[in-house]
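Enquirer: here's a sequence, model it:
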Amino acid sequence: MRYRTRVTAPAIALLGTAAALTTVPAAHAAVTAPAAPGRRRAPAAKSAPGPETLSDPVYPNLGNDGYRVRAYRLDLAYDATTALVDATAAVEITTTQCLSRLSLDALGLDIRSVHVGGRPAAFETADEKLRITPARPLPEGCRTTVRVAYTADPRRTPAHTAWVPTPDGFAVCPQPNSAHTVFPCNDHPSDKAGLTVRLTVPENLRGVATGRLVRTERLSGGRTAYTYRSGSPVATELVQITVGDYVVKERQGPHGLPLRDIVPAARAEALEPALALTPNLVEWIEARLGAYPFETYGLLPCNSDDPKAFDFTGLETQTLTLYKPNYLLQEEKKIGSHMMHELVHSYFGNSVSPATWADLWLNEGHADFYGLLYRYERGWADSLGLTTFEARMKDTYARGDQWRRTSGPVAAPNAANLFDSQRYLGGVLVLYALRQLIGEDAFHAVERAFLARHRDGHASTEDYIAVASHVSGQDVSGFLREWLYGTTTPRMPGHPDWTVTPVAQQLVRPDARTGAGRHDNSATL
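Expert: Numbering: from 1, shown residues only. This next block holds a predicted model:
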């Protein structure tokens, strides 16, 4: 799994700043140049195995260090007879230290071979890591390509998986930690990279992926290959790859934005009323957060309504939001707010990814914030029967201490409670409190400045606090840290009459709704 404003002078300065992207050193030759006459050659740096973690506070075993990924080039061929995927992942990396060994995240993949820089490399799998020993150590600053050939079975059920098998193919839902069940990768949102996906499928099926279609090839044996390329870096958890009996429905969004929906052929007509809502949704959010940040947008009603297929209503894979079709068959007031929630993720979550999974509230809090604004602006009652943003925030405020007891502070989740309501509505309450403190104009300036500063990159909770202090012209760091990390709910600015319900001895978890999946705690549902 967010208003047009007057921008203050500090905000204008920050908005003009380019997105903060991690720079990598230039490539170095594998052979060291001779030392100048009369000068002693500096000793070569010792190589060592790269760390098999990026020390994420929620998923400490996720990700790998010692290199950064520049791009993924995936080539997948789907066999409709066996339902297997034959694949090659070319991972272009730049080393950040001398490496005798490196690792990628990988689970449930049958690895056939590994090459590094075109040379065969030794490899082994252990836990959820693919350990690779190149023919010779890689020097610091080396740019090279790790090529992994493998086979995947979308129907396989390891400890966790991103694969969603359908009657005619598959889709993927990698969030938060399962992209590496689809392709070997550095599976952490802080290491975003370019993405190209080539999908070969039987001619009666369609292959679609994140980004825009750049090539279509008619191959022998009644097969077609579709190649997609992303115009912006992608976090692994946001990759979408799908195969099935789909039709592509294209329309134009605001300012000529190409919109494309990937729709089950048999249900295209029935789904059209929901799909036709997107242009107005984009126009509404652009008036508040600025231009849509990617090359295209659309919906993917996955060709499965199986309740076991995935445990959420919608998932914000980059440029395509994954849904179950039946959800989108409802009337607008039942789905419009959540469609806005998912669209807002294009800004908060996709364009600006969380630096760690502890920063998830930045994604979900913002998505619910603007999704609820959209709902109440239209007079649609929410699941509690409330029709104003203030009324919902008062109700949420009353639950604050209970949620902090059961789910921890807003910005301090663990793997078990990561998708609890505290990250959704709890995050909304923090944003509401900030808006109450600094005023509406300053708040909107903060939002736009944050997005501009970190576009195409990742950002932490501390990054948001820094932007909020700079743009608002006042130090809000203590205020926000109390709201984000405190064990009790602070007083709400502007509402001295609001009270917090005392913590009960027997508490119901905030996500304990009948039939609710772990991603389905959005207040926009």
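
Enquirer: tell me the mean pLDDT over whichever helix or strand Leu74 is part of?
Expert: Assigning secondary structure by DSSP states H and E places Leu74 in strand 67-79. Here strand 67-79 scores 98 as its mean pLDDT.

Enquirer: show me what counts as buried in it.
Expert: 67-78 (16 or more other CB atoms under 10 Å). C-beta here means a position set from N, CA and C on the backbone, and glycine is covered the same way.

Enquirer: so can I have CSV of those residues showing distance to Ala442?
Expert: Listed next are these as CSV, based on distance: CB to CB, whole Å:
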residue, distance to Ala442
Tyr67, 40
Arg68, 35
Val69, 37
Arg70, 38
Ala71, 38
Tyr72, 39
Arg73, 44
Leu74, 43
Asp75, 48
Leu76, 47
Ala77, 53
Tyr78, 51
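
Enquirer: nearest to Gln318 among those?
Expert: Tyr72 (12.6 Å; CB to CB).

Enquirer: returning to that earlier point: just the buried residues of strand 67-79 now: which is nearest Ala411?
Expert: Nearest to Ala411 among the buried residues of strand 67-79, counting by CB to CB, is Arg68 at 25.4 Å.

Enquirer: please report phi then psi for Arg212.
Expert: phi -110, psi 150 (degrees, to the nearest 10).

Enquirer: quick one: residues contacting it.
Expert: Shown in contact with Arg212 (CB atoms under 8 Å, 6 or more residues apart in numbering): 228-231, 258, 295-296, 319.

Enquirer: likewise Gly211?
Expert: Contacts of Gly211 by CB under 8 Å, 6+ apart are 195-197, 228-231, 295-296, 318-319.

Enquirer: strands - which of the residues you listed land there?
Expert: Mapping the contacts of Gly211 onto strands (DSSP state E) picks out 195-197, 228-229.

Enquirer: just the buried ones from these?
Expert: For the ones in strands among the contacts of Gly211, a burial check counting by 16+ other CB under 10 Å picks out 195-197, 228-229.

Enquirer: of all the ones in strands among the contacts of Gly211, which comes closest to Glu364?
Expert: For those, the nearest to Glu364 is Leu195 (23.5 Å; CB to CB).

Enquirer: mind checking which helix or strand Val243 is in?
Expert: Per DSSP H and E: strand 241-244 holds Val243.

Enquirer: tell me which strands and helices that strand is in contact with?
Expert: The contact analysis (3 or more CB pairs under 8 Å, 6 or more residues apart in numbering; DSSP states H and E) places strand 241-244 against strand 67-79, strand 169-172, strand 194-202, strand 206-209.

Enquirer: what residues does the residue nearest the centre of the chain make contact with?
Expert: Centroid-nearest residue in the chain, with CA atoms, centre = their mean: Leu238, separated by 4.3 Å. Each residue near Leu238 by CB under 8 Å, 6+ apart is listed here: 174-175, 210, 316-318, 349-350, 353.

Enquirer: rewinding a little: pLDDT averaged over the strand holding Val243, what's the number?
Expert: Strand 241-244 comes out at a mean pLDDT of 98.

Enquirer: cool, and stretch 458-477?
Expert: 98.

Enquirer: got the end-to-end distance for that stretch?
Expert: Terminal residues of stretch 458-477 lie 20 Å apart, using CA to CA, to the nearest Å.

Enquirer: again with stretch 466-478
Expert: Across stretch 466-478, first to last residue, CA to CA, it's 11 Å.

Enquirer: can you check stretch 57-66 too?
Expert: OK, stretch 57-66 end separation, CA to CA: 19 Å.

Enquirer: which other residues reach it?
Expert: 49-54, 56, 95-97, 99, 102-105, 127-129, 176-177, 186-188, 190-191, 356-358, 360, 413-415, 418.
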